[in-house]
Structures are given as C-alpha cells and as structure tokens.
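Engineer: mind folding the following:
(chains A and B)
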There are 2 protein chains.
Amino acid sequence: MRYQISTLVILLLISISGSADNLLGFDAAGSEAHRKLVNQFDTYLRPEDLRKWMQHLSARPNHLGSAYGKQNAEYIAEHYRSWGFETEIETYHVLFPTPRLRLLEMVAPVRFKASLEEPALAEDATSGQKDEQLPTYNAYSIDGDVTAELVYVNYGIPEDYEELERYGISVEGKIVLARYYGSWRGIKPKVAAEKGAIGTILFSDPADDGFTRGDTYPDGGFRSSKSVQRGSVMDMPLYPGDPLTPGIGATKKAKRLKLENAPTLTRIPVLPISYADAKPLLAALGGPLAPAKWRGALEIPYHLGPGPAKVHLKLAFNWDTVELHNVIARMKGSEYPDQWVIRGNHKDAWVNGAADPMSGMVAMMAEAKAIGALASTGWRPKRTIVYAAWDGEEQGLLGSTEWAEHHAKELKKKAVAYINTDMNSNGFLRVGGSHVLEQLVNEVASDVKDPQVGVSVLARAKAFAQINGTDKQKLEATERPNLRIAPLGSGSDYTVFLQHLGIASLNLGFAGEGEYGVYHSAYDSFDHYIRFMDKDFRYGVTLAKTAGRLTLRLADAEILPFEFAGFADNLGSYIEEIEALTNTLRKDTQEMNLLIDQGVFTLVINPNKPVKAPKKKDQVPHISFVGMKNAFAELQLTVSDLQQLINAKNLSKLSKRQRKKINQMIYQTERKLTNDRGLPRRSWYTHYIYAPGFYTGYGVKTLPGVREAIEQRKWAEAIEQEAITAQVINNYALHLKKLADYIKEL
Amino acid sequence: MRYQISTLVILLLISISGSADNLLGFDAAGSEAHRKLVNQFDTYLRPEDLRKWMQHLSARPNHLGSAYGKQNAEYIAEHYRSWGFETEIETYHVLFPTPRLRLLEMVAPVRFKASLEEPALAEDATSGQKDEQLPTYNAYSIDGDVTAELVYVNYGIPEDYEELERYGISVEGKIVLARYYGSWRGIKPKVAAEKGAIGTILFSDPADDGFTRGDTYPDGGFRSSKSVQRGSVMDMPLYPGDPLTPGIGATKKAKRLKLENAPTLTRIPVLPISYADAKPLLAALGGPLAPAKWRGALEIPYHLGPGPAKVHLKLAFNWDTVELHNVIARMKGSEYPDQWVIRGNHKDAWVNGAADPMSGMVAMMAEAKAIGALASTGWRPKRTIVYAAWDGEEQGLLGSTEWAEHHAKELKKKAVAYINTDMNSNGFLRVGGSHVLEQLVNEVASDVKDPQVGVSVLARAKAFAQINGTDKQKLEATERPNLRIAPLGSGSDYTVFLQHLGIASLNLGFAGEGEYGVYHSAYDSFDHYIRFMDKDFRYGVTLAKTAGRLTLRLADAEILPFEFAGFADNLGSYIEEIEALTNTLRKDTQEMNLLIDQGVFTLVINPNKPVKAPKKKDQVPHISFVGMKNAFAELQLTVSDLQQLINAKNLSKLSKRQRKKINQMIYQTERKLTNDRGLPRRSWYTHYIYAPGFYTGYGVKTLPGVREAIEQRKWAEAIEQEAITAQVINNYALHLKKLADYIKEL
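Structural biologist: Numbering: from 1, shown residues only, chains lettered A, B, ... in the order given. Model (predicted):
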C-alpha cells in the first residue's frame, strides 16, 4: 500500500506543476522565475553576517526578563526595520520565578554540600559573567524545604517506577534522584509527585552527554563535571506558555489564575545539579544494585537506596511577573496579504545561548536580510511573510504561545504555515513537521547543496538513513521517492501553531557532527560554538538556504505546495502502527501474565535478592479500528479524485479570486485535523494527529487520543477516542472533497 | 523438522528402556535398583565436607610447581585411597615460565609506573600470602624489552582491527592496550602480533567484571581497582598442553621441541594489569575518540591513540621445566573393567582458587566419597570409574592433555565419556557437551532438586530460558521436550578428551547468582567464596548430585545411555546455521559493497574526522552443502531404523558379551566424528563437529572446518571442508548402521 501511494505522490506533483520539471505549486513560467529568485536570494547570504550577529547576541546572558535580552530584541528589530520589514516589539507579562535561595546538602551518612556553581573557564570568555547569569535551577519548581532519604529512579519515567516496584521500593516521602534524558525534564517531577515523592533532584549523567560521548569542555564539546542543565519543569503536556493565562494572551490586563491554582507548576521542589555534585549522593546510596540499564558512566556501582543517603533540599523563588518581548516583522503580500507565512525562532537563552537559540536565530536573520534585499529590487512576496523572534521560549514556549493565543482568531483565518529552526549545528538535515509539507521539504532539500560533500542535503540525509537507519528507513531510503519527515511532538515554538491552532508547521536544522554537551549551561557560548559546532557558519548559511526556500515557496506559489497523498501515506502507517501496538500489547500481556501465573519468575528470581516478579496486568481487549480505517479509505479515494481533477485543469490559469479561494481551502486543511474539545485531560492540545506525549513531554505521539488511551490501558477511552479520530479524518476527507468539488465546478 | 526429531527422541528413549518410566539404559528392574542406588548416594553428600576440603585446598597458593600444590595432590590422593580407590599420582615434566622481571612504565607524555601488585586485604585472610603467590603475569608470554606508543584496541579481536583500519590506525611497531573479555585472552597477543604490534598489555575494564556488574571486593564480589586477571596466553587453538611436547605425553624422556621452536608461545611480550594501572595509560591516549561500543566504564573519554602515551614494557621469565602432579583414582568395573567413565577436574589454581578450581573439585571429591561409601556396602560399578584431579590446567590444560596424550591409545579404546565440572557458584544449571548425552543430562537434571526453589534443576534452567533466553530458546523451553545442551569449545580439561580423542564429554556447573569478579586474582579465596558464591555449599552438593548421577548412570547402565536422535537434531540445526550464515554473509557483502561503490559512506562520514569508509570485500560465492545434507539425511534414516530395531529387541536380555559389544559400538560413535588429519592448520584438533574457534579461543565453532573457512573467507577451503565434513557424517551414519545390523542379527 505504501508504495502505491508514493506513486500517487509523484503523479500529484506532476499534475499540480504541469510537468515533472516544474516546482510544486508553479507552472513552467512560474517555476523558472522562482528558480531565478532563489538563486538571487542565495547571493545575499554571508557567513560573516551570521558570525557577527551570533557573537553580538550571545555576548551576554540574555534570558527572559534580562536587560541584555531586551537589548537583543531591539537589536533584532532594528535589523529587520533596516531590511524593510514593518517591525514591532509585542510585549506580554508573564510569570517567571528566579531563585532566591538554593540549598542541597547531604546530611547522612556523611555530610556534603552541593556547589551548584558552574566555574568560569579561561577558555570561555563569557563563562564568567556571573552577575548576569541565571543560577542553575529549574523554572516553575515550587518553593520547598524538605529533608528525606534519597532514591535513585533512573530517568524517572513511569516504567522506571514499575521496575522499582519489583524491588519493593516506594518513593513515598522520599527525595528522588533522576538523571536527565529519557523524557522531557518536566515529566520527572510530575511522575515523582504522582508517586508520593517530596522532592526531585535532576543530574546530567556523563553517559548521556558527558565523557561517554566525547571529550569534555573545554577539551572537547561535551558536558564537563560541573556543568548543569537548567530548564523549565512546568507541566507543558497540559499546556505551554504562561502558567497563569492558559488559552489567552498574557496581556497586561488579561485575567490571571492565582499562583496557587496554576496547574502547570510542579507539586514538589526540583533542582538540577552537575555530575560532580551528584556523584557523592549516588555513591552514598545503599539498597539493591540498580538494574544494568540504569547504570550511568560514573565510577561507582549504582544503588537504588532508599538511603542511607539523606538530603536536605531547600528552594525559594522570587515569583515575579516580567516583561516578555517578541519581535514581529512583516512584509506584506502583494496578491494575498491575508495569507501569512510565519517564520519564527526564539531569541532568548538560558544563559548566553550561542547554539540554543542563536544558531537558528542568525540563520533566520540571514533569510530576512536576503528577502529584504530581494524586496529592494522591486520584488514582493505574493503572501505576507511574518518573521518572529520569540522571547521566553526556555521557560515553556511563553513568547510564541502568548502571541498566538492573543492573535488566535486572526491566525486561524490567515496563517498558511509556520517554520521554526530551533538549534543548528552541522551534519545532516533533520526535519519534523506536518506531512502535508513532506513533498515540499523534499523538493527544497534536493535543491540545497551540503557545504562539505557536494551533494544535496536531501541526498546526504538519505545516505544517513541508508547507513544508520532502522531496517524500514534503510529500505525506504532507496525505494521510497520521498524521505519521510518526522512527526512533531513538542520542545519548541511550533507547538502553539501546530497543536493548538492547527497550522501546518515545520522544524528543521542540521545536526550529527557537532559536539553539543553544553545544553542549557553557561558554556553554550560563542567560544564553544566556533570550536565544536559550525565553526565557519557554513551550515548556518545552508540552513538559511533551506528554510529560506521553504518560506519563499510558500509565500510565492500560485497554488500552495501542500501535498495530500504523502500525508495520507504517513497517516496510513500510523493507523497500522496503532493496530500493531494493540496486538503486541495484548500478546505481551497474555504471555507475561501466563509466566507470572505459572510461577516461572519465582523460579528464575534469586531468592536472596529483593526483586520480585512483575505484577499481572489487565488483559487487553480487542479494540475495533474500523472507524479510522473506513475514514482513511475514504480519504485515499478523495485524494485520488482530487489528483485526477487537478490533472484535468490548469490551476494557474484560474482567476486570482479562484486561486485565493483554492489556496485558502488548501491551508485550512490542517485546521481540520483538530477537534475543539481537545485531547482528554488536556483540552489545549487540539491536533488529533500529532501531540507531545503526556508522559514523554517532547516525544511525539501520533494519533494521540487513541494511542495514549491504549498505552495507559484506558480501554473505554480508547474506543471513544477511536471514534473521535475517525470523525476528524472524515472531516478532513470531506474538506478535500469540497475542494475537489469546487475545482470541478470551475 | 526439529520437533519431528524430538518426537523420535522420546520414542528412542521409550524403546531402550522398554517403558517411559524406565531410566535410559536400564530395564524396569535395573531402573528401580539404580534409583535406590542414587538415593543412597545422596545420603553420603555433606556440605560440611565440601567446606572443609575447600578451606584446606585453598588455604595457600597452590599453582603448578608450588609446594602447596604438591601437598594438595597428596591430600587428594590420600582421600581417594581412604575411600577405596586405587590411586596414583602421575607426574609429567612441563615448561612453566615464571616472572623474573616485570616492568611497565609510561615514559611520555607523563611518567607513570604501574604497580603490578594486588594489595592484601584485612577482609581476606589469604590475600597477603605474598611469598607464595605468583605475581600478576601472563604465562607463555615471551621475554621482551620494548618501548613504543600505545594504541587502544578494544578487545583486540580481528573485527576490532578492521575498525581501526577505518581510522587509518596501524599497530605496526606499537604496543597495544586491550581489555579482557570478548575472546580468550591468548587470542589478543596472537592477533596483535599478526598485525605487527611489538607488545600487548591486557587490562580488566570495570565494565566487564568490575563496578558495572556490582559492588567490588571486599564490599561485593566484583573486581576491585587493583585486582588483576592472571592467565595463560599460549596459542591454545593450535594445541593445548605442554608447548614442548605437542601430541605426546610430557614424560621425563619425551622428545621435546626446542624452546625457540615452540609454536604456542606468544610472538610478543604480554602483561596483564588492573584498571587502576590502566587508567593513567588510557587517559594519556590522544587520537580519535574510540567508537561507542569500545568504551569501558572508566571516567574518561576512551581515545585510540597512537600515543602520545608511550610505554616501556620489560619482561623476563625463568623458563623452567617443573613437575606436574595428576591424581588418578580408579574403581574397577565389575562387568566391563575395560570401559572407563572418566570424571575429572583440575586441582591447580592461579593463586588460592577457592572458586577456580576448588568449587568443582570439592563437588567431585564428595561424589567419590559417596561412591566409596556405596562400594563399602558391597556394590561395584559395572564399568571402571576414573577420578582425575588435574594439575597445570591454568597454564593451558597441561595435566589433562599430557595424561590423555600419554594414554591416548588406551583411552581411544576404553573411554566411554569424560565429565568435567570446572567452576561452580549458584543459580542455574549450565551444561555443555556432546549432544549424544543431551537426553541423559535432561533425565538426570529432572531428578535433582534445586536447593532454593524446590523444583528440579532442569525446571529451573528451563524457566531461565523462558525469561532470559533468545526467542528460539523461549520457544523451545516450552515446546521442545529436552533442554538443549551447549556445544563445547575450550577452556577446560574436556578439550583433549573431546576434541583430540573423540570421547563424548560434558562440562557442567551452577552459575548466575554469585558475584564472581575475582577470576584469576589473589582474591579468589575461601573468604570471597563463602560471602559471594555458594556460602553454605548447597549448590556444591547439588553439583555433586548431578555429576554423580551422570557418572553412575554411565558406569552402571546395561546399555549406555547415549541417544542419537537428539544428536541428529542438533547437527541438523548446525547445518542449517552454516547455510544461513553463508547466505547472510553473501547478502551483507553485496549490500555493503554496493554502499561503498555508490559512495554512500563518503556522504555520511564526517569529513573532518579521520574515519574512512570500510573496504570492499570479495564476493561470497554460492557454496554447495549438498554433501553434508545428503549425509545428514542418511543419518536421520539410520537413526530411525536403529530405533525401530531396538523397539523390537529387549537388549537387556542379551548376553554379557553381546551387550559389551553393543556398548563398545555406542561409545565409539563419538570417535567417528573425528578425522585423523585434523582441522586445517591445527591437526591436533580432530573433532569435526565441535572445536574452539581459531580466533575465539574458548568460544565454540560447530562444524568448524567449513564454518571457519567461510568466516575467514577461504572459499576453496570451504568446499574441501564441506566434503570432509560430509564424509565424517557418513562415517558416523555407517557406524550406526553397523550397530543396527549387529542388533538385527542377534
């Protein structure tokens, strides 16, 4: 089925463009003109610009609420204005706690006080800017003063607690020590609190981003012993943005929740530490040896506890409301000013943030400068281009969320697509996003050369899949015409656009050959970047070429380059996945319950060790996916009809009014993938194809309503959600049918 | 096919014993009598005996050539005599180098001198017996004085050098630093020398038997920072035993090779060190970062070198010939004195050796004592039982090899089977051996209770496979009547019996729940054993029950309990494996060569890193396995015929002469699996079904002639070896046919 649909991809492409040589969305003349435009665009991209801007923007700590962050907003705005964009700074007022007191000490069996400091390095010019740096902490941890025995919980995700249960270890009334990675960090204190813990300590194990990966900073680019990952721990899978203004813009006068009612703050205090601070705590743990997979890279046996290590954690914050400054720059569309292509990236860092966010930010500035230069020759985009530099992303996507919630009505009407580029390094193109843009991404990526190896970035990404991919990816790298793009979970500013408003979105960057172990530390600096990331900014320029082409194609296409057969192909594979997941879960549950019933575990477990057999789980019922499958079959037929219709018509010969209407109907398709009631227990998330996992935080769950119900063993909910998902797919197919009917009548 | 054959297993069993309730090899009356005998046997086994003997035997260092080793031989002999065995000490004269000088120092970029010492521990009473301990060293390393840059080679096996080649790193003229595990240690200097290295340093990475596995000694049982694994590095896959007397017994007057012509000595000097001594060397290495899988558990990034670490390695040995003392005890068979069941274990340690070898040794003594007690009631075994305590096993299976070479002619004629129990801990029964004994092992294991969980040791081993096995093992644990026993490679004293003389052999012990990280160190002590291994000796007693039953069944059966359908089933699976291996190798080679030809690696490899694309390999031709398959088909038919014949006859009613003849023909079957010319380039190894790998050392290669030719990409040799293997299988089938014909005529 998969490859039949892929053939359809090619046919549809040929039909919209009229010829295989045409660009998707353009006829022959339009394609030629656009190719010229893009070549011209490339000539304005200069690595020295990116270097200069990054050096300036990361010269001082520039987090939300900082003086330098505000200066950066003005610096960016000034540049956009100078390039001919209508630019404004839109300000919001958001809750942003900063530490007033941080104390972590071990009180038994030996005394030890955690330093909680990242020392200045001679090799890193900005690492000593102590007066302006935010201390190492987790934003939206509540205040707390707790003393308790410690338990090591590995990554601190639900399956880790299942394992602890086999050891008879409860974290009730304890403080948990969890390592970073394995999920988004905000999941860890959420799950710990659900399990009764009274505090959470997070640490960076060198197995995950330290010496296990390579030499540590400043010898290499990976995390050194005293480096700490800061970060937000709000319950973002519930809703992102300002905790006090869910669903609405955090304007000065917005109605706010009381602090004590804000559901996305943690329920227990949380503090991040370095592995130098974590090692004495881990070494002091007794109790059973941790399972083999739980071991990190420290030179100690990892024990689970609880105790004898006992720690005292005391945290107090200034619960301030601060100003947030988004820079919004517009270039009005000449034909469709009310169709907006939004290109955004955040501008705020945890500290200096050369890589995160400036690497993506300066690529975006280069694009804007080049588009400004094109405009100065008299060219204008057909659609309005909006360049956004978001503030407060690090705290929980505040800037983008508040702006998009504030302008939700207008955005739902006008937004064509959103393109994000949070983080760039070097190596291989990585793209996630709405699958309706997969064909466009492939066309663009085949048109941009990798700066090192002389083939297109698409060819290099396919080569990567051929060597390093899963079996499926290896096969598809040679046999599927398009490289799949990944579905998006969360973790950057596309979230509100895609998952709250239903705007087709992309996130892209280059990665795989840098040495990035300084995430959210004071060492994510210009000095680090030019030694261990993209030292001559050639991948920065390559990113500008790629994201710039995507923006220009979306802004200038006669017919928007959305492509539905590729979407359908991916959707089909997710439906297959859900069915396979359910069958596997049923089989595994049956087999495991049988082994437990037969006492096989009792024979295998060492009677002298505390570990117990796993507990039996409820049987997985047979769940019908017929609703989704029928809706999907209908969708396939509709996509096929639409393609035949487009074959028969030359859309670029239609009137401007007709094209406007068709384009509107095209970009409104993504809205049809949402449901106003939202997902169970988190109504802010309305997209029924893509959502961040409730227990992964960043990691995507496709078809999240039904998938998470099954994963969480809520069988009745799975049946309900299957029906809602089927309805969403039906609505989508119906909308495409209307589009086909409209074209038919022309 | 597999399960059809397994059905045949059961049928054959029923037929030989006459009833499903009968023991294999006995009729109803014989079965009942034997069951009574075994119950009586069990009553003589006392854990306190095992404890007392282990404490005595491991009280002082007792290696080959030591004073205490000789005392132990006399102690053991005295016990055997006291239990009624005809006992003698057979002495051989073997080459045994001991260190005269050991020096390892880093001379650049910083100076460091390796301590090469295992400190005494207050918690370990024998660890301080410095005057009698052998220093930490590798036996049969040549003398040497070399200074060179260091290269880290991971496990130092051939595939590691393929990887190094991708980095453009040669070890020519360098000293290699290899970690233990991944192959038998003697392989490491052999391969290093083949690659041009001038010295080898071996170290115990804590990832393999140190803190990664659990708490280190004396807190736990795993390897501590200064603990060193001693061991032989002779080229054992060429031939084991005294390097100067290949193929013949090292009697005083034996003709000896000159030292300089002994092919099993290393070609370069080799020294083992602790991880405390290895860490400074590893930390001083520069060059590329080691591949992720090469990383151990030390808190450093692992680099490959070469250099800047430069080391000076100086070794000199006393190349002495020492006396080796095997204790050989016999109880003559009442019916078939010229059919010998040999039960052996080594008695020599590297230092004190509580676990290795005394754990297996004291179980064997308990068996002998119990058999002596049975004999004192007037009972006598039908066949002669030989109890052997081998000396010099640690140096390269010297005691067993010299004795068996010395008595080869008699053994070929008389030996029924050899049973070995090198190492016991606690947990799960692990058995390797000739598959003709698989059915016997399963019967016996189902008759011995696990001392902890109250089911048979067979049931517990099957449960282990159900939870921890491969998919195939999981399936077979519930669906195949018999638990498979593993094929034997090398690593203990069964080698000469099985692989040189073609005597059906077994090696067994309990493992999986001890903490054994003291292998070949001064900390393999009684104090360690009673804390972290089998503290109350209940698994020692369980091993005595298991191996004792095997011995008694083989010694007393009317018809020897060999079973050919199970052998055929395993053989069939090895033939299938070889064909699948060849096809996979062909497919992988094709795919890899295509990726290299297409330049896909060039696109994926970071151009700024030194690693290169792998090299193309020659195409794998289609190789016919028709010879082996036809021979195997013939064998299957013969096994089936034999079974029908046995069904029709009541063998226990035959005359003693007839039974003697049948029994001889049965145990001679294993001889038919050998070929006098031996394997290519190592004629000492004559068994064509089982051999230690030429590049694994301990790890088994089944159907080694053809398998290793394919693995080493020697296509012409693979074709030759397939024909020889087919001939061996044909000879085996022919022998079974003769047995069938003989029975038919009775």
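
Engineer: get me the contact residues on the stretch 451-600 of chain A for chain B.
Structural biologist: Contact residues, the stretch 451-600 of chain A versus chain B (CB under 8 Å from any CB of the partner chain): A:452-453, A:455, A:459-460, A:463-464, A:466-468, A:513, A:595, A:600. Backbone N, C-alpha and C define where each C-beta goes, glycine included.

Engineer: next one: the stretch 601-746 of chain A
Structural biologist: Proximity of the stretch 601-746 of chain A to chain B, by CB under 8 Å from any CB, involves residues A:601-604, A:606-608.

Engineer: change it to 10 Å
Structural biologist: Contacts of the stretch 601-746 of chain A with chain B, taken as CB under 10 Å from any CB of the partner chain, map to A:601-609, A:613.

Engineer: which ChimeraX command selects the buried ones in the residues you listed?
Structural biologist: Provided next is the ChimeraX selection string for whichever of those are buried by 16 or more other CB atoms under 10 Å in any protein chain shown:
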select /A:601,602,603,604,605,613
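
Engineer: quick one: which of the residues of the stretch 601-746 of chain A next to chain B is nearest chain B?
Structural biologist: residue A:603 (3.7 Å; CB to the nearest CB).

Engineer: what helix or strand is the closest residue to that closest one other than its chain neighbours located in?
Structural biologist: Excluding its sequence neighbours, the residue lying closest to residue A:603 (CB to CB, 6 or more residues apart in numbering or on different chains) is residue B:463, at 3.7 Å. Counting by DSSP states H and E, the element that carries residue B:463 is helix B:457-468.

Engineer: please apply the same query to residue A:81.
Structural biologist: helix A:67-82.

Engineer: and if you look at residue A:319?
Structural biologist: Per DSSP H and E: residue A:319 is located in strand A:310-331.

Engineer: list the buried residues of the helix or strand that that strand is followed by.
Structural biologist: Sequence order places strand A:336-346 as the next helix or strand after strand A:310-331, per DSSP H and E. Judged by neighbour count using 16+ other CB under 10 Å, the buried positions of strand A:336-346 are A:336, A:339-346.

Engineer: got it, and stretch A:210-219?
Structural biologist: Applying 16+ other CB under 10 Å to stretch A:210-219 flags A:210-218 as buried.

Engineer: cool, and stretch A:51-69?
Structural biologist: Under 16+ other CB under 10 Å, the buried positions of stretch A:51-69 are A:51, A:53-55, A:57-66, A:68-69.

Engineer: likewise for stretch A:533-553?
Structural biologist: A:533-534, A:537-553.

Engineer: try stretch A:509-516
Structural biologist: Buried, per 16+ other CB under 10 Å, within stretch A:509-516: A:509-516.

Engineer: report the two of those residues separated the most.
Structural biologist: A:509 and A:515 (15.6 Å; CB to CB).

Engineer: need the distance between the two termini of stretch A:131-143.
Structural biologist: 23 Å (CA to CA, to the nearest Å).

Engineer: again, but for stretch A:199-211
Structural biologist: Start-to-end, stretch A:199-211 (CA to CA) is 28 Å.

Engineer: one step back: helix or strand right after the helix holding residue B:463?
Structural biologist: By DSSP H and E, the next helix or strand past helix B:457-468 is helix B:471-479.

Engineer: that following helix near chain A anywhere?
Structural biologist: Yes: against chain A, helix B:471-479 shows contacts by CB under 10 Å from any CB at B:474, B:477-478.

Engineer: what's in contact with the helix or strand just after that helix?
Structural biologist: Once the chain leaves helix B:471-479, the next helix or strand it forms, by DSSP H and E, is helix B:494-495. Helix B:494-495 is contacted from outside by B:236, B:239-241, B:342, B:344, B:396-397, B:400-401, B:404, B:418-420, B:422, B:432-434, B:488-489, B:501, B:503-507, B:684-685, B:687, B:690-692, B:698, using CB atoms under 10 Å, 6 or more residues apart in numbering or on different chains.

Engineer: do that again at 7 Å, thanks
Structural biologist: Contact with helix B:494-495 is made by B:240, B:397, B:418, B:420, B:488, B:505, B:507, as judged by CB atoms under 7 Å, 6 or more residues apart in numbering or on different chains.

Engineer: looking at these, which is nearest residue A:304?
Structural biologist: Closest to residue A:304, out of all of the contacts of helix B:494-495 and judged by CB to CB, is residue B:507, at 35.9 Å.

Engineer: and that closest one, how far from chain A?
Structural biologist: 23 Å (CB to the nearest CB, to the nearest Å).

Engineer: that residue sits in which helix or strand?
Structural biologist: Going by DSSP H and E, residue B:507 is in strand B:505-512.

Engineer: parallel or antiparallel, which strands does that strand pair with?
Structural biologist: strand B:415-420 (parallel), strand B:427-433 (antiparallel) (DSSP bridges).

Engineer: so how many other residues sit close to the nearest residue to residue A:498 once chain neighbours are set aside?
Structural biologist: For residue A:498, ignoring the flanking residues on the chain, the nearest one in space by CB to CB, 6+ apart is residue A:505 at 4.0 Å. Neighbour count for residue A:505, taken as other CB atoms under 10 Å in any protein chain shown: 29.

Engineer: my guess is residue A:505 contacts residue A:497, does it?
Structural biologist: Yes: Residue A:505 is within contact range of residue A:497, at 5.1 Å (criterion: CB atoms under 7 Å).

Engineer: need the residues touching each of the two.
Structural biologist: residue A:418.

Engineer: is it true that residue A:333 touches residue A:386?
Structural biologist: No: assessed by CB under 7 Å, residue A:333 is found out of contact with residue A:386, at 10.2 Å.

Engineer: could you list the low-pLDDT ranges of chain A?
Structural biologist: A:1-20 (pLDDT under 70).

Engineer: how about a cut-off of 50?
Structural biologist: Across chain A, the ranges flagged by pLDDT under 50 are A:1-19.

Engineer: per the annotation, how does it divide into domains?
Structural biologist: Chain A breaks down into these structural domains: A:32-94+A:322-561, A:95-317, A:565-745 (assignment by automatic domain parsing).

Engineer: just give me how far the first one sits from the chain centre.
Structural biologist: Read it as domain A:32-94+A:322-561. Centroid separation for domain A:32-94+A:322-561 versus its chain: 13 Å, with CA atoms, centre = their mean, to the nearest Å.

Engineer: just the buried residues of the helix holding residue A:81, please?
Structural biologist: A:68-73, A:75-77, A:79-80.

Engineer: quick check: buried residues in the next helix or strand after it?
Structural biologist: Next helix or strand after helix A:67-82 toward the C-terminus (DSSP H and E): strand A:86-108. For strand A:86-108, burial by neighbour count (16+ other CB under 10 Å) applies to A:87, A:89-99, A:102, A:104, A:106.

Engineer: nearest to residue A:257, of those residues?
Structural biologist: Using CB to CB, the buried residues of strand A:86-108 come closest to residue A:257 at residue A:95, 9.3 Å.

Engineer: please give the element, helix or strand, for the nearest residue to residue A:702 once chain neighbours are set aside.
Structural biologist: With sequence-adjacent residues excluded and distances taken as CB to CB, 6+ apart, residue A:702 is closest to residue A:574, at 4.3 Å. In this structure, residue A:574 sits in helix A:564-597 according to DSSP H and E.

Engineer: now swap in residue A:228 and tell me
Structural biologist: Short version: residue A:228 belongs to no helix or strand, going by DSSP H and E.

Engineer: for it, give me its contacts.
Structural biologist: Applying CB under 7 Å, 6+ apart, the residues contacting residue A:228 are A:118, A:136, A:204, A:272-274, A:521.

Engineer: redo those residues as CSV? Include neighbour count and distance to residue B:354.
Structural biologist: Formatted as CSV, the contacts of residue A:228 follow (neighbours: other CB atoms under 10 Å in any protein chain shown; distance: CB to CB, whole Å):
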residue, neighbour count, distance to residue B:354
A:118, 22, 49
A:136, 28, 49
A:204, 29, 42
A:272, 25, 46
A:273, 23, 42
A:274, 25, 42
A:521, 27, 49
